[in-house]
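Engineer: Please work out how this folds:
(chains A and B)
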Number of protein chains: 2
Amino acid sequence: MSPFLCCFLFLLLLFLSSAAGRLLRLAKPDPSAAAATARWLSSQNSWGVLSTISSDLEGSPFGNVVSYSDGLPGHGRGVPYFYLTALDPTARDALHDERSSFTLSEFPLGTCGHIDPENPTCSKLTLSGKLKMVEFNTTEGEFAKKALFTKHPEMEGWPENHKFRIFQLNIEHIFLIDWFGGPKPISPSEYLESATNRVSVF
Amino acid sequence: MSPFLCCFLFLLLLFLSSAAGRLLRLAKPDPSAAAATARWLSSQNSWGVLSTISSDLEGSPFGNVVSYSDGLPGHGRGVPYFYLTALDPTARDALHDERSSFTLSEFPLGTCGHIDPENPTCSKLTLSGKLKMVEFNTTEGEFAKKALFTKHPEMEGWPENHKFRIFQLNIEHIFLIDWFGGPKPISPSEYLESATNRVSVF
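Structural biologist: Numbering: from 1, shown residues only, chains lettered A, B, ... in the order given. Have a look, this model is predicted:
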C-alpha cells in the first residue's frame, strides 16, 4: 500500500474514531474519587439502559436502550434527562409506576482497555429513583430540551405525532463499581455536588 | 508527519479497532428479518444490562452491567449465560425473584453509523424471562462455562472465594426494535430457531 494512501486512511480512521466519541474531552477521575467518577460517566456517555416495572409484563423489570443528556457538554449537572414517547413501553411504564433505574457502562467509551466489561475496574453506574415528566414550558424544561438537543441533534427532527416528552430521573440511590472491593457508597447529594473538571489532552 | 509513520499508525489503529471488536465477523441481517437480527445482536455483543427486581430497593427495578455469552463464537444458541456472584445485587435479586430482562444495543458494535443510539434503526433487544442458576456439573453447565470462558477469557481467573455461578435467562418475551414502526413481534421459539450465518468480508 502506498504510504500516502496509508496516511490518508490513518487520518480518516482517526476522524471516524473521534466522531464515534472515543476521544474524550474529560480525563477519567481516579477510582478513589467515587462521586467524580460517577459524574464523569454520566457526562461522557450518551446512552444507557433505563429500567422500569413493566405494565405489559405483569410487573417484571424491563430495560430499554435510551439516549440521554445531563446538560450542555462540559456543563452536565448529573441528572439524566430523556426524550421519550408513550408509544414506547418505558414512558408508559413510568406514567404507571415511577420507580426506575438508569444504567451506564464505561466500556463503550473505550477507556477500559482490554479488560472485560464485567471487570470491576471498568466502571458501572446505576442511578435509581423516580422517573418523572418535565413540562416543556418551564425553566427546567427549557434546560433539559437544550441539553438533549445539543447532545442528540437528530431528536429535534423526530416526528411530532409521536408526542415525545421530556422525562428526568429524580435520583434516590446510587450504585457505582469502579474498582475492586464492591460498590462505593455515594449519596445523591455527594453525586450532585461533585464536579468533573479535569480536562485531558483529547 | 512522515508518510511511513502515518502508515504505521494507520495499521496500529486498524489493529486496535479490530481488537476492540468493531470489525465484525457476521454481517447484520436485513431489518425485515427480525428474529435473525435479534440473534445477530445476541451473538455479536459481549455485554449488556441485566435488570432484576431489587431486594435492596424494595422492589424497584435494578439494571446492572454484565458480560455474557450465548455460545462459542459463530455457534451461539441465543440463550444468554452469565457468570455472577451473590456478592453482587443482581444474583441475590434473582435468587429471591427470578423475573428479569436482558438488554442489548447495536450502538457499541459500531454498525449504527452516525445515527443516534435511540434512533429505531439502531437495533435494541430486550429479552425477558426468568434468571435461573445452572449447575456446573451438567451438560448445560459445561456448555455455558465454555461459552463464557471463550468469549471472556479473564473470567476463568476470577477469585474463587467470590463463588461465581452460572446463570441463564429462560426467555419468555422478546422486544426488538430494528426499524421504524414499533417493536417487531418475535416469539421465543422463532428467536431460538433462527440462524445468523451470513459471513461478512471482515
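Engineer: Quick one: the helices in chain A, in order.
Structural biologist: Using DSSP state H, the helices assigned to chain A run over residues A:3-19, A:34-44, A:89-96, A:139-151, A:188-193.
Engineer: which stretch in these has the least confidence?
Structural biologist: For the helices of chain A, mean pLDDT drops lowest on helix A:3-19, to a mean of 54.
Engineer: Which pLDDT value does the model give A:Phe202?
Structural biologist: For A:Phe202, the model assigns a pLDDT of 34.
Engineer: Pull the contacting residues for the nearest residue to A:Glu154 once chain neighbours are set aside.
Structural biologist: Distances taken as Cβ to Cβ, 6 or more residues apart in numbering or on different chains place B:Asp116 nearest to A:Glu154, at 4.9 Å, with adjacent residues excluded. Yep, even glycine has a C-beta here, placed from its N, CA and C like the rest. B:Asp116 is in contact with A:67, A:152, A:154-155, B:122, counting by Cβ atoms under 8 Å, 6 or more residues apart in numbering or on different chains.
Engineer: and if we set it to 10 Å?
Structural biologist: A:46-47, A:67, A:83, A:151-155, A:158, B:107, B:122 (Cβ atoms under 10 Å, 6 or more residues apart in numbering or on different chains).
Engineer: Could you count how many residues lie near A:Phe149?
Structural biologist: A total of 15 residues lie near A:Phe149 under the criterion other Cβ atoms under 10 Å in any protein chain shown.
Engineer: And for it, nearest residue in space, chain neighbours not counted?
Structural biologist: That would be A:Glu156: by Cβ to Cβ, 6+ apart, it lies 4.9 Å from A:Phe149.
Engineer: Now do the one you found against A:Phe164, distance only.
Structural biologist: 10 Å (Cβ to Cβ, to the nearest Å).
Engineer: By neighbour count, which of the contacts of B:Asp116 wins?
Structural biologist: A:Ser67 leads the contacts of B:Asp116 on contacts (other Cβ under 10 Å) with 25 neighbours.
Engineer: measure the residue nearest to that residue when sequence neighbours are not counted to B:Cys112 for me?
Structural biologist: Distance criterion Cβ to Cβ, 6+ apart; nearest residue to A:Ser67, sequence neighbours excluded, is B:Glu118 at 3.9 Å. Using Cβ to Cβ, one gets 10 Å for the distance from B:Glu118 to B:Cys112.
Engineer: show me where pLDDT drops low in chain A?
Structural biologist: A:1-25, A:196-202 (pLDDT under 70).
Engineer: Mind doing that once more with 80?
Structural biologist: Scanning chain A for pLDDT under 80 picks out A:1-25, A:195-202.
Engineer: What angle do helix A:139-151 and the longest strand belonging to it make with each other?
Structural biologist: Longest strand in chain A by number of residues (criterion: DSSP state E): strand A:165-177. Orientation of strand A:165-177 against helix A:139-151 (axes from the mean of the first three to the mean of the last three Cα atoms, to 10 degrees) gives an angle of 80 degrees.
Engineer: hang on, the earlier thing: can you tell me which of the contacts of B:Asp116 is closest to A:Gly182?
Structural biologist: Using Cβ to Cβ, A:Trp47 comes nearest to A:Gly182 of those, at 26.3 Å.
Engineer: pretty sure the closest one contacts B:Thr103?
Structural biologist: No: applying Cβ atoms under 10 Å as the test, A:Trp47 and B:Thr103 come out as separate, 11.3 Å apart.
Engineer: Lovely, talk soon.
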